[in-house]
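Undergrad: Compute the structure for the input listed below.
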Amino acid sequence: MPSMRALRRLADSRTPPNPKPAAKEESPSPPKHAAKEESPSPQPAAAEESPPQHSSSSSSSPSSASPPAKPAPSPAYPLRDFPGREAAALCGAFRDNVRWLLKQWAPVAASSPGPGPGPARRAFLSDHRTSAVVPIVAVEVLAASSSAPLCALCRCAGWSHHWVSKRRYHFIIPADSDWEQHFGTDELLGRNDHLLHGLIHGNGFGHLVALRGHQGGSTSLSGRDIMDIWDRLCSALRVRAISLVDFSRKRSLDLRLLLGVVNGETWFARWGYYLARGSFNVSTSTYDAALEALASLHVDHLHSRHVRRVVTIYRRLSSKPLTTVREFLRCLLDWKHNELPLPPPAKPCPWLPLLLPKPCPMKRSGQPCKRFEDTVDLLHCRFSKKRLLNAADVVVAKLLEHGNDAEMTRQALRDAARGDIGDTGLLDFVIKSVGDTIVGNHVVRRLPNATTRILQFSLEECDKPVQMDVEAEHPCTEARWVGGSVDVERDLRAVYRAMVKALSEEAQAVLDCKHWVKCWGLGDESDDQLRFLAEWRPQPWEADDLTRPMPPGEIVVVPLHTSIGELVVEAEHALRDTYCFFEEFRADKLDGITGEKWDPVVLGGAESGDTIGVHGHGADMETGLRCEGGLDLWEVRCVCGAQDDDGERMIVCDACGIWQHTWCVGIPDGESLPPLFLCMLCGGALILEEGLLAQ
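TA: So this is what the prediction gives:
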C-alpha cells in the first residue's frame, strides 16, 4: 500500500517540472553580455545557464562567435553571496551539483599534461568592503590516477569503511602572495600555506584540511569570512558530512580548550560542527563533564600568586563577582576586545597607580608591612627564592582553610603545613620570616595572645589590591589597561595555565577531543523530487569477503513520477558513477519497494528519504580501491579502550599484531619507536614462559 505522504505529494503535483523554459526567460544571450563585464556582478558571468543541463546553442550562434583558443573569463561572485543563488537552488546529489558548478568556472591551464590531477578551475570572490578580489580554485582528482588513492583523513574520521570514490574535489583559496600566480595542479596541491583547503569526495563526504585567517597571514579575509565561504559552498552543493581536526591555537593557547571553557563549545560550533569522536577513547559524556568541571572551578583555588593578583585587579575594575574560571576568562576576553566590563572612568582611577611595583606599606600598631617577595631578597639563607615563595603560599593556604579571621598557633600552623612541605628547616624558616608581610592579597599577622602570650598567626585582607608586576618605564598605566591588550594577553595565559595545572586530567580530556563533524543529511524538502539512499546488498559469497561494516548508501534523486524500473537504473548509475568498486556493477532489483518495474515509485510503499537495498552483480571484489582504509584490516585494542584508529601515533605488537597508542604504552611523542615491541599480554606471556623453562 502506498503511504499517505506519497499519495498526497502525487496529488499535489500535476505535471513534471520543466526547468528549461524558465531558464530561457532569465538568461537572454549571456555570453555576449558576460564578455563586456569586467567588474564583479551579483551573479557569475558564466552561471546564467540553468542547472543541471546546459545548452550549447548560444555558444555556437554567429552573433556570439569567438576564437576557440581564447579561454572563458573566470566568473566573479560577491563574497557574501558565493556560490550564487542558482547554486543554492540545486536539488541533486553532490556528484551532479559539483559538476554543474565547475562547468561555470573558467579552466586554468595545466602545467604538466599526463596522469595526475586534472586541470584546475577558478572563480573570483569580490569583497565590496575592502575591494579585494579573492581567487578560489577547484581541482578534480581521479582516484585511479592518483599517487595516494586512499584517504588518510577518512581513516582518522572513522570512515575507513567508506567505498573509495572515483573523484575527489579540492577547493582552495591560496595565500595572499599567490593570488596573481598560476600554479599547476601538482604544485597547488603540494603547498600547505593555503587560506582554505577543503577536500570533498564524490560521495559527498569531505574534510576541512586547512583554514587560516588573519593570524595565518590573510590580509583581506578573516577566519570567520573563510569559514562562511566554505559552509555556504558545502550547503549549496548538498555535501553530506564534513570532518575536521581542530588544532586551532592562538599564540600558546589551545582555542578548543579556552573557548570550550568560556562558551561551552568550540569556535567551529557556530557553523553546526559537533564532537564526532575523541582520541584515546574519550567519550562525549567525559568531554562534557570535563568542560563543566573546568568552567565551574573557583578562581580562588588556582594556586598561582600571579593569578591571585590578577583576580583582585579585575574584581576591582569590574562590578561582577568573577568567582568561576568561566566568568573570569570571559571577562578577560571582553577586556581584550575592548568590551570593557565598566565604562571608562572620566577621571583617573585611584587604584591604577598601585599597578606599579612598589612597597605596599600597611600599619597596625605602628608596625609596617612589606611584600614577602621583597623581604626574601634581603634574607640570607640556603633556600632559593622560589622555594621560599612556594612555602609562603602553602602557609597562607592553610591559614585560609582555618578561617580568614581565625588565629592559629605556631605549632598548629606548622603541623598543618607539614604535609605539603617536607623540609622542616624550610618550613620553620618561612614561619619565622612570614610574620607581618604581604603574601598574595593577604597580610600575615604574627602577634602574641593577650592571655597565654603564645604567638598566633592570622590573616588580613589588604585594604587595596596588590597588583601584578608592571614595567616601571610605562607611566601611562590607564592607557595600557584600557587601550592595550599586552597585559590582558599575559593575564589570559596565566589563568589558562593555572586552570590546566589545577585540573590537568580534565584539561587533557578536552584537548584529546579534536575530531569534529557536521552532517547535512538528505535535505528532503517539499519539492517534486524523491530522494533515496541506495545501499548495495552483497551476495553471500561477496559478504564473506567483506571485513568492514557496510558504508552508508549513495544518494539517488529522481522525479516524483519515476517508475520502479527507472529507479533501478538510477541506483545503478549512482553506484557506478561514484565508486571504483562498482565500475562494472549491474543492478537487478531493489529491496524496500514493492511492485512491477512500470509501477510508480510512490505506490511501492517507500517514503522519500528511505534506504533501499540494491541487488545486482559485477562488483569488483579484486580491486584494491575498495575501502578508504585499504584491504588490510588492522586491529586496535589499546589499554585506554580505543578500538579504532583515531589519528594518534600508534605502534603494533610484533607478536599478536595488535595496535596501541605509543603514549599509552609509555613511549613519548618525541621518542623514536623501538625496533621490537611486545604488548603487555605478549610480553608477560613471554616472561612467564621463560620462567617456566628456567624451572
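Undergrad: Reduced to three states, what does residue 219 come out as?
TA: coil (DSSP: H, G, I helix; E, B strand; the rest coil).
Undergrad: burial count for the closest residue to it other than its chain neighbours?
TA: Spatially, and ignoring its direct neighbours in sequence, residue 219 is nearest to residue 176 (5.3 Å; C-beta to C-beta, 6 or more residues apart in numbering). Where C-beta positions appear, they are placed from N, C-alpha and C, glycine not excepted. Counted by other C-beta atoms under 10 Å, the residues lying close to residue 176 total 16.
Undergrad: give me every residue that touches residue 176.
TA: 195, 217, 218, 219, 220 (C-beta atoms under 8 Å, 6 or more residues apart in numbering).
Undergrad: Next one: the first one from residue 516, what distance?
TA: It stands for residue 195. 20 Å (C-beta to C-beta, to the nearest Å).
Undergrad: Between the two, tell me which one has more neighbours.
TA: The residue with more neighbours, out of residue 195 and residue 516, is residue 195; 26 against 23, by other C-beta under 10 Å.
Undergrad: Show me what the closest residue to the more buried one other than its chain neighbours bridges to in the sheet.
TA: Nearest non-adjacent residue to residue 195, counting by C-beta to C-beta, 6+ apart: residue 173, 4.5 Å away. Per DSSP bridges, the residues bridged to residue 173 are residue 196.
Undergrad: Make sure residue 173 is actually in contact with residue 134.
TA: Yes. Between residue 173 and residue 134 a contact is recorded at 6.2 Å, counting by C-beta atoms under 8 Å.
Undergrad: Could you name every residue contacting both of those two?
TA: residue 221.
Undergrad: For PyMOL, what selects the buried ones among the contacts of residue 176?
TA: Buried residues within these, by 16 or more other C-beta atoms under 10 Å, are selected in PyMOL with:
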select buried, resi 195+218+220
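Undergrad: And the contacts of residue 176, which is the shakiest by pLDDT?
TA: In this model, the minimum pLDDT among the contacts of residue 176 belongs to residue 217 (81).
Undergrad: Which residue, other than its chain neighbours, is closest to it?
TA: Using C-beta to C-beta, 6+ apart, the closest residue to residue 217 is residue 175 (6.1 Å).
Undergrad: Roughly how far does that neighbour sit from residue 218?
TA: Distance from residue 175 to residue 218, by C-beta to C-beta: 8 Å.
Undergrad: joint contacts of those two?
TA: Listed as contacting both residue 175 and residue 218 by C-beta under 8 Å, 6+ apart are 195, 212.
Undergrad: Grab the longest strand from this structure for me.
TA: strand 132-142 (DSSP state E).
Undergrad: gap between that strand and the chain center?
TA: Relative to the centre of its chain, strand 132-142 is centred 22 Å away, using C-alpha atoms, centre = their mean, to the nearest Å.
Undergrad: which of the residues in that strand are buried?
TA: Buried residues in strand 132-142, counted by 16+ other C-beta under 10 Å: 132, 134, 135, 136, 137, 138, 139, 140, 141, 142.
Undergrad: Kind regards, and thank you for your time.
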